[in-house]
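Asks: here's a sequence, model it:
(chains A, B and C)
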Amino acid sequence: MSEDASEAVELLRIPVELDYTYSAGQSASRFLRAIAEGRLLGQRCPVDGKVYFPTRGSCPQHGVPTAGDPVELPDRGCIVTYSIVRVPSENIPLELPYIAVQVLLDGADTVLMHVLGESSLEDVHMGMRVQAVWRPRGEWTTSIGNILYFKPTGEPDAPYDSYREHI
Amino acid sequence: MAPVSDSESSLVTTQRLAYTYKRSLGPVLSQFFTALRERRILGVRRPDGSVMVPPREYDPDSGEAISEMVEVSDSGVVKSWAWVHAPRPAQPLPHPFAYALIQLDGADTPLLHVVDAGAEEQMQTGMRVRARWAEPRGGGIGDIAAFEPATGATGE
Amino acid sequence: MREAAIVAFAQSASLRREMDRNEVEILIPVIHELRTSAGLGNEDIDFVCSGSSDYLAGQSFAFVAGLDAVGAWPPVCESHVEMDGAFALYEAWVKIQTGSADLALVYGFGKPSMGDLPITMALQLDPYTQTPLWPDAVSMAALQARMCMEGGVCSEAEMAARAVRDRRNAKQNPKAQLKGDFEVEALLAEPHLVSPLRRHDCAPISDGAAALIIASAERARQICQRPAWIRGFEHICEPQDLGVRDLLRSRSTELAAQHAGANRGKIDVAELAAPFTHQEILVERALGLGDEVSVNPSGGALAGNPLMAVGLARIGEAAARISSGEADRAVAHATSGPCLQQNLICVLEGD
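Replies: Now for the predicted structure:
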């Protein structure tokens, strides 16, 4: 509010607040319910057999429903690409700097965005094998946050050709 | 995501979207809102001589830029109204009221605002209303808290 | 003008609240049904255009996710309007006119039940002088309705008769939301929602989606035995501010109908997307529809109102009646903005 009568009103604060219900939908709900039990579910495209993870109900390449049985995936894979984040964000309660990674789970054809822990900034690299570190079972909810972070497994790197099309 | 309920096949929660933008007004609306703070209502003169309230930067018919501000009265006549039995939290008054198109004396187009009339029976097209000013002002169109039935009564 | 036709149409049911599926999941089976019925694969489609509004369900960039239902690999030529899918169809039609597309997939979807729709609609008003007062969509329509009633344009009984007609017609439409036999007198005995409007005067809040295929003449003949040829297509917009408009008629519908040549021949069917009973009357009058015209055989917007898809569905419903041979000439209507601010008219003819 501009209470100073000597100045013209040139700006107005016009707040908009809208309340919504949010329904995750069938596919995301199946995914989230499974993760509450510590299971990672993908879905297969009926056209080319590619496995989508997380699932969204359709294959965005072919536009067909991913209607078949879900595919259970292991909680390990390799880093497809990564970024070292040094900029704070109100919504991300992580200590800076942290390592944002895209992980290709073994058996999946799409990548998962997460963070890497138990690794120095110097060691992280593309192809690094990683595995999920879960919260204690009693804290699991319908959230991808059940996985605290991924950590290096020490296995030999995944060959570049095994993940190049996901970069 | 924290589910608050669980329908047959979908997890469900609630969310609030809030947009906290400030809006810059430009010269015409800046004059309008500056005048409102001073309990005055301004319109703008169109090329045909008529006065449009609230003012716009352009003539809606020709698109010609217009800027001659004209003060109009803070009372006028209800041209149409809609009685809101159950106001929503965001709406200007917590009790039943009317949205109304109000043609202020001196204006040729009606202003959209609210009439705080108490009861639907008190509302009538053609009734005279007067602005009730908010305290403090400087916050926009809500500087007019509401219009109220003007004593003296109905009819143009 | 390059001949183009509607050759296939699909829609979801209009539901008061689709809790189990998100917007994309509502759309997926509609697109699937459409492509299957037309016998088309993604490689056949050379333009995709959609209409939706992220504000309805509060999902930012939902229109990008909507493309998941279509499939976008190899990358597709695509566009989007923050309006009803009927306006997306207009863009596709223009694209075909320019010769840069022969076959386009057009869809619209909305899930307004996730928010408080009448309040969400206040965001389409002037953000300085109107939105801060949060005039809900029903109140805005009620201001116009009272002017129409007190100005001798229509009575509340005539308005209720539109609801009765549309809900009766909707009994034949398995996708409709509000259907059945009602009496004008009984409807008028109901209390006001926002005076002077009663609940039956307002289109329902509906979640849903619609999609159709528009094709150039050569392609249309290959896909459909009796294509619904688009013989006129126009949309016209009035100012946003109610104060400077004539609210007792729909001047933009009149002009759109005139430009589209709606009255160059007998109209068998008219499908109208007017979301309030008095607005349906205003659109009927603007189109000059007489008693011989079958108005809203599907039930129209008053029987099912999936915002952003409802206008496209009207065109699809009209086209389906041409293709089935039930009608030779049809007019479909879509609208946008407060109190019929912007109106679209599509004229369809059979062979």
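
Asks: got the CA positions of stretch B:21-39 in CSV?
Replies: Output of stretch B:21-39 as CSV, limited to C-alpha atoms (Å, rounded to 0.1, in the frame of the first residue of the first chain):
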residue,chain,number,x,y,z
TYR,B,21,3.1,-10.4,-8.5
LYS,B,22,3.1,-6.6,-8.3
ARG,B,23,1.5,-4.9,-11.3
SER,B,24,2.7,-1.7,-12.8
LEU,B,25,-0.1,0.6,-13.7
GLY,B,26,0.9,2.9,-16.5
PRO,B,27,-0.1,6.5,-16.6
VAL,B,28,-3.9,6.2,-17.0
LEU,B,29,-4.6,3.6,-14.3
SER,B,30,-2.0,5.3,-12.1
GLN,B,31,-4.0,8.5,-12.2
PHE,B,32,-7.2,6.4,-11.5
PHE,B,33,-5.8,4.7,-8.5
THR,B,34,-4.0,7.8,-7.1
ALA,B,35,-7.4,9.6,-7.3
LEU,B,36,-9.1,6.7,-5.5
ARG,B,37,-6.7,7.1,-2.6
GLU,B,38,-7.9,10.7,-2.4
ARG,B,39,-11.6,9.5,-2.5
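
Asks: now do the buried residues in it.
Replies: By neighbour count with 16 or more other CB atoms under 10 Å in any protein chain shown, stretch B:21-39 contains the buried residues B:25, B:28-37. Any C-beta I mention is one placed from the backbone N, CA and C, and that applies to glycine too.

Asks: now narrow those residues to whatever sits close to chain A.
Replies: Intersecting these with the contacts of chain A gives B:25, B:30-31, B:33-34, B:36-37 (criterion: CB under 8 Å from any CB of the partner chain).

Asks: circling back: pull the most distant pair out of the buried residues of stretch B:21-39.
Replies: Using CB to CB, the buried residues of stretch B:21-39 reach their maximum pairwise distance at B:V28 and B:R37, which is 15.6 Å.

Asks: A:L41 in helix, strand or coil?
Replies: strand (DSSP: H, G, I helix; E, B strand; the rest coil).

Asks: A:L73 is in contact with that one, correct?
Replies: Yes. Counting by CB atoms under 8 Å, A:L41 does reach A:L73; the two are 7.2 Å apart.

Asks: which residues do these two both contact?
Replies: Common neighbours of A:L41 and A:L73, using CB atoms under 8 Å, 6 or more residues apart in numbering or on different chains, are A:F53.

Asks: pick out whichever of the two has more residues nearby.
Replies: Per other CB atoms under 10 Å in any protein chain shown, whichever of A:L41 and A:L73 has more neighbours is A:L41, with 21 against 18.

Asks: need the contact list for that one.
Replies: A:30-31, A:34-35, A:53, A:55, A:70-73.

Asks: gap between it and A:F53?
Replies: Relative to A:F53, A:L41 is positioned 8 Å away (CB to CB, to the nearest Å).

Asks: anything in contact with each of these two?
Replies: By CB under 8 Å, 6+ apart, the residues touching both A:L41 and A:F53 are A:71, A:73.

Asks: distance between the ends of stretch B:107-125?
Replies: 17 Å (CA to CA, to the nearest Å).

Asks: what strand or helix carries the residue nearest to the spatial centre of chain A?
Replies: Closest residue to the average C-alpha location of chain A: A:M113 at 3.3 Å, with CA atoms, centre = their mean. Element membership for A:M113 (DSSP states H and E) is strand A:112-116.

Asks: which other helices and strands contact that strand?
Replies: On a contact count with 3 or more CB pairs under 8 Å, 6 or more residues apart in numbering or on different chains; DSSP states H and E, strand A:112-116 meets strand A:98-105, strand A:147-152.

Asks: for that strand, which positions count as buried?
Replies: Neighbour-count burial for strand A:112-116, counted by 16+ other CB under 10 Å, picks out A:112, A:114-116.

Asks: direction included, what does the strand of greatest length in chain A pair up with?
Replies: Longest strand of chain A, by residue count under DSSP state E: strand A:76-85. When pairs are called by DSSP bridges, strand A:76-85 turns out to pair with strand A:98-105 (antiparallel), strand A:129-134 (antiparallel).

Asks: how far off centre is that strand?
Replies: A distance of 11 Å separates the centroid of the chain from that of strand A:76-85, by CA atoms, centre = their mean, to the nearest Å.

Asks: same thing with stretch A:6-20?
Replies: The answer for stretch A:6-20 is 35 Å, by CA atoms, centre = their mean.

Asks: quick one: name the residues of chain A near chain B.
Replies: So far as CB under 8 Å from any CB goes, chain A lies against chain B at A:1-3, A:5, A:8-26, A:28-29, A:32-33, A:141-143.

Asks: nearest to chain A within the stretch 51-200 of chain C, name that residue for me.
Replies: Closest residue of the stretch 51-200 of chain C to chain A, CB to the nearest CB: C:G71 (2.6 Å).

Asks: list the buried residues in the longest strand of chain A.
Replies: A:76-82.

Asks: same check, this time on stretch B:116-127
Replies: Residues of stretch B:116-127 classed as buried by neighbour count (16+ other CB under 10 Å): B:116-117, B:120, B:123, B:125, B:127.

Asks: gap between the two ends of it?
Replies: 13 Å.

Asks: any idea how far the residue nearest to the spatial centre of chain B lies from A:D157?
Replies: Taking CA atoms, centre = their mean, the centroid of chain B lies closest to B:H113, which sits 3.0 Å from it. Separation of B:H113 from A:D157 (CB to CB) stands at 68 Å.

Asks: buried ones in the strand or helix carrying B:P149?
Replies: Element membership for B:P149 (DSSP H and E) is strand B:144-154. Neighbour-count burial for strand B:144-154, counted by 16+ other CB under 10 Å, picks out B:144-149.
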